[in-house]
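*Asks:* pasting the structure only:
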């Protein structure tokens, strides 16, 4: 599924195409980035600037070797922006293959939501990507943080 790198493609459908490449489309995903870019995953306190090999290594962590054992599913449900700067919200459902951030999670399914702010150059290549996702529901679903309705004030 190829989507042209034209600026007028930046919308919810383009964002879903982009996020869908995390499952097994790393080569195609990497073609969407300008070599001069800023990347940040706020939750992981990770910043990568102008280093495509490092970005590839991070993205390869989302590749699932055996989909019967684990998976990552992303769904974009909102987009606000234009052809140069946009923000989109997404959900992330995953079946964990092992521990998640030091918490036993193997075989468990968690779901949360996040938002990505993205900027593109005049050729439609990504020059800015900043993502943040809500970790609290994940830790609640893994049983290490109580659900809010059971928290005593």
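*Replies:* Arrived safely. The structure displayed is predicted, hence computed values, not measured ones.

*Asks:* Which pLDDT value goes with residue 38?
*Replies:* Here, the pLDDT recorded for residue 38 equals 99.

*Asks:* after the helix or strand it falls within, next one along is what?
*Replies:* Using DSSP states H and E, residue 38 maps to strand 33-41. Under the assignment DSSP H and E, the closest C-terminal helix or strand after strand 33-41 is strand 46-49.

*Asks:* by contact count, what packs against the helix or strand that that following strand is followed by?
*Replies:* Where DSSP H and E defines the elements, the next helix or strand beyond strand 46-49 is helix 52-60. Applying 3 or more Cβ pairs under 8 Å, 6 or more residues apart in numbering; DSSP states H and E, we find helix 52-60 packed against helix 26-30, strand 33-41, strand 46-49. Glycine gets a C-beta too; all of them are placed from N, C-alpha and C.

*Asks:* Helix 52-60: how far from the chain's middle?
*Replies:* Remark: helix 52-60 is offset 13 Å from the chain centroid, using Cα atoms, centre = their mean, to the nearest Å.

*Asks:* Could you do stretch 78-93 as well?
*Replies:* For stretch 78-93, the distance to the chain centre is 11 Å (Cα atoms, centre = their mean).

*Asks:* What's the end-to-end length of that stretch?
*Replies:* Using Cα to Cα, to the nearest Å, the span of stretch 78-93 from its first residue to its last is 17 Å.

*Asks:* List of residues touching that stretch?
*Replies:* 7-8, 10-12, 15, 19, 71-77, 109-120, 124, 128, 133 (Cβ atoms under 8 Å, 6 or more residues apart in numbering).
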